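Trainee: Turn this into a model:
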Amino acid sequence: MHKNQVTASAKVLLLCGALALAGCYEKKSGTSETAPTSTPQTETAPARTTPAPGASATPPATANQKVDIDLYLEVSNGMKGFMPPPAADKEPTVFQNRLNKLLSEVQDGIYVDAKRYYLARENSQGKPVLDSVTYNTLKNTIVSGIKADVRGTPLPDMLRAALENSVERRAVSVIVSDFIHGPDPNNPGQFLSLDSDIRSSLKQAEHQGLVVAVLAEASPFFGTYHPAVKKPQVKRNLAGEQIPFYIWVIGKQEEVQTVTNKVLRNLPAQQAYFGFHYQQVPYSALLKADQFRPAGIVYCTSRTAEVCTSVNLMPEPDAPVEFTIGLNLSGLPASMQEVAYLKQHLKLSATGGRASLGTILAASEDVKAIPALAQYTHFVRVRVPQLTANAGTFTLQLPQVVPAWINQWSTGNDNNPVAAPGKTYQFNKIMEGVQALYRDQNQPVFSATIKFNKETK
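Mentor: Residues are numbered from 1 along each chain as shown. Reported below is the predicted structural model:
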């Protein structure tokens, strides 16, 4: 070994020894150094396997990944009126407009990877058939109508066949139908068991941890209408009356939201979501923003935290405490973000005191421009007139609810849609069957908790 090499090695050994005495540091990344594991760390919180409540200003990842879609269109005689034969002087129906846009996004949009198209019908043996077709065939059916004489499949059978097919392929099911139940003529008792039959047909959704989104819209209908109730008339000829149609989306929650937010877009007002739950939405008590000044004695327990999930406060008889909680609800379905919906359904519970909800606001453009508030989409005012304990919690929860429109769009007699347009036979029973899939899940859509400590004079 050369002399200079020995000298260099000795220097390295002496340097390491010196560092060992001083408390060596190990490089953990290309840009930072951290103390060895044997050195106590009092200023850095340990790594969490789950995020702290409200700690993230970024909502859970939703509606950005690509999905595989199986698109099913029911092609029974009862669906023909939504797709009348085209003519130069005729406008497309609402149904045709909606389906053309959906089909275009599925075929050419950037959020869909694999896609498969099916025409759902019943064969001569009364069994559901899913005919795999090309994009052009499905598009031609939508714009030019159903030519063949096709019996409709009983609703539970169609749902079961479609869902089993998509679960096997790990794709999102998108099912388009009028959802008028036409049971087997030899088994009219199916009318009485519609809710349980629907629940059974969708059991794969429960077993696989899938969610269901239901979107409803009404369209002018031209031609022969086949009601579920056959008296006094077995069928009626309609000339543009409004008949509901539905788009069901079934799959993993994140994938369903990709379909509703990025593929369907511009959703109809009538939306229902079943099985949706968010482990965490970003939130914080906002105590320093001029736009949401607190009232009374209240401050964040941590003087340095950027996100405040614990407060100290002291309401007095003549000076109740008021403060605002910022929420990022951008990951929720669009209808659940509406202020009117939140005002109706958002709940506040308190332990160790009394509290009530005040105003609920969506972020304005001015608020979105403020860096400290830009990450929040909604602001909820909380009023605290009294504490009964030295510590406790205030919890905001959005419970699972069945939208009111479901009953409004349901009827027990659909024989005359001219007299009562825009209703579907026993639609509420159909939705009860869907809701039953999640009856053992008592989780709210989301929950946000602010802890408190009673401030003493």
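Trainee: Let me see the confidence value for the most centrally placed residue in the chain.
Mentor: Centroid check for the chain by CA atoms, centre = their mean gives Pro333 as the closest residue, at 4.1 Å. Looking at Pro333, its pLDDT is 92.
Trainee: what's the answer for Pro46, then?
Mentor: Predicted confidence (pLDDT) for Pro46: 35.
Trainee: just to revisit the earlier point, without its sequence neighbours, what residue ends up closest to the residue nearest to the centre of the chain?
Mentor: Using CB to CB, 6 or more residues apart in numbering and skipping the chain neighbours, the partner closest in space to Pro333 is Tyr273 (5.1 Å). Bear in mind the C-beta positions are built from the backbone N, C-alpha and C, glycine included.
Trainee: Tell me how many other residues surround that neighbour.
Mentor: Applying other CB atoms under 10 Å, we find 23 other residues in the vicinity of Tyr273.
Trainee: what about it, is that helix, strand or coil?
Mentor: Secondary structure, DSSP: H, G, I helix; E, B strand; the rest coil: Tyr273 is strand.
Trainee: Distance of it relative to Lys101?
Mentor: With distances taken as CB to CB, to the nearest Å, Tyr273 is found 21 Å from Lys101.
Trainee: for Asn390, same thing?
Mentor: From Asn390 to Lys101 the distance is 58 Å (CB to CB).
Trainee: Between the two, which has more neighbouring residues?
Mentor: Neighbour totals were compared for Asn390 and Lys101, and Lys101 leads with 14 against 11 (other CB under 10 Å).
Trainee: Name the helix or strand for the more buried one, please.
Mentor: According to DSSP states H and E, Lys101 maps onto helix 94-108.
Trainee: can you give me the helices in the stretch 51-200 of the chain?
Mentor: 94-108, 135-144, 155-169, 194-201 (DSSP state H, counting those that start in this stretch).
Trainee: What is the last one packed up against?
Mentor: To tie it back to what came earlier, the one meant is helix 194-201. With contacts defined as 3 or more CB pairs under 8 Å, 6 or more residues apart in numbering; DSSP states H and E, the packing partners of helix 194-201 are helix 155-169, helix 427-435.
Trainee: burial count for Val229?
Mentor: 16.
Trainee: same thing with Ala285?
Mentor: Around Ala285 there are 28 other residues, counting by other CB under 10 Å.
Trainee: Kindly reformat the helices and strands packed on helix 194-201 as JSON lines containing mean neighbour count.
Mentor: What follows is the helices and strands packed on helix 194-201, written out as JSON lines (neighbours: other CB atoms under 10 Å):
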{"stretch": "helix 155-169", "mean neighbour count": "21"}
{"stretch": "helix 427-435", "mean neighbour count": "22"}
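Trainee: I'd like the ones you listed written out as a markdown table, with mean pLDDT and distance to Lys115 added.
Mentor: Below are these laid out as a markdown table (pLDDT from 0 to 100; distance: least, CB to CB, whole Å):
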| stretch | mean pLDDT | distance to Lys115 |
| --- | --- | --- |
| helix 155-169 | 95 | 11 |
| helix 427-435 | 96 | 25 |
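Trainee: mind putting the ones you listed in JSON lines, distance to Ala419 included?
Mentor: What follows is those, written out as JSON lines (distance: least, CB to CB, whole Å):
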{"stretch": "helix 155-169", "distance to Ala419": "24"}
{"stretch": "helix 427-435", "distance to Ala419": "17"}
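Trainee: Would you mind saying which of those helices lies nearest Gly145?
Mentor: Smallest distance to Gly145 across the helices and strands packed on helix 194-201 (CB to CB): 19.9 Å, for helix 155-169.
Trainee: which residues are in contact with that closest one?
Mentor: Helix 155-169 is contacted from outside by 68, 70, 72, 74, 116, 118, 120, 122, 127-128, 130, 153, 172-173, 175, 177, 179-182, 190, 194, 197-198, 200-202, 204-205, 208, 210, 248, 250-251, 430, using CB atoms under 8 Å, 6 or more residues apart in numbering.
Trainee: which among these end up buried?
Mentor: 68, 70, 72, 74, 116, 118, 120, 122, 128, 130, 153, 172-173, 175, 177, 179-182, 190, 194, 197-198, 201-202, 204-205, 210, 248, 250-251, 430 (16 or more other CB atoms under 10 Å).
Trainee: Show me these that map onto strands.
Mentor: Among the buried ones among the contacts of helix 155-169, the members falling in strands are 68, 70, 72, 74, 116, 118, 120, 122, 128, 130, 172-173, 175, 177, 248, 250-251 (criterion: DSSP state E).
Trainee: Show me the shaky parts of the stretch 51-200 of the chain.
Mentor: Applying pLDDT under 70 to the stretch 51-200 of the chain flags the ranges 51-64, 183-191.
Trainee: Enumerate every residue touching the nearest residue to Phe379 once chain neighbours are set aside.
Mentor: Counting by CB to CB, 6+ apart, Phe379 lies nearest to Leu361, which is 4.7 Å off, once chain neighbours are set aside. Residues in contact with Leu361 (CB under 8 Å, 6+ apart) are 339, 378-379.
Trainee: The closest residue to Val263 other than its chain neighbours: neighbouring residues, count only.
Mentor: Nearest non-adjacent residue to Val263, counting by CB to CB, 6+ apart: Glu105, 4.7 Å away. For Glu105, the count of nearby residues is 18 (other CB under 10 Å).
Trainee: just Asp440 next, same as before
Mentor: Look at Asp440: counted by other CB under 10 Å, it has 7 neighbours.
Trainee: how near is it to Ala363?
Mentor: For Asp440, the distance to Ala363 equals 35 Å [CB to CB].
Trainee: I figured the residue nearest to the centre of the chain hits Thr260, correct?
Mentor: Yes. If you go by CB atoms under 8 Å, Pro333 and Thr260 touch, sitting 6.7 Å apart.
Trainee: shared neighbours, these two?
Mentor: Residues touching both Pro333 and Thr260 by CB under 8 Å, 6+ apart: Ala213.
Trainee: ok, what's across the strand from the residue nearest to Pro333?
Mentor: Beta-bridge pairing of Tyr273 under DSSP bridges involves Ala213.
Trainee: distance of the residue nearest to Phe379 from Gln337?
Mentor: Note on Leu361: its distance to Gln337, by CB to CB, is 12 Å.
Trainee: Show me whatever sits in contact with both of these two.
Mentor: Here Leu361 and Gln337 share the contacting residues His378, scored by CB under 8 Å, 6+ apart.
Trainee: Output the helix or strand harbouring Thr324 as CSV - backbone C-alpha positions only.
Mentor: Element membership of Thr324 [criterion: DSSP H and E] is strand 321-327. Provided in CSV are the C-alpha atoms of strand 321-327 (Å, rounded to 0.1, in the frame of the first residue of the first chain):
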residue,chain,number,x,y,z
VAL,A,321,-68.3,31.9,21.7
GLU,A,322,-68.6,31.7,17.9
PHE,A,323,-66.0,30.4,15.5
THR,A,324,-65.9,29.0,11.9
ILE,A,325,-64.8,25.6,10.7
GLY,A,326,-63.4,25.4,7.2
LEU,A,327,-64.1,22.1,5.3
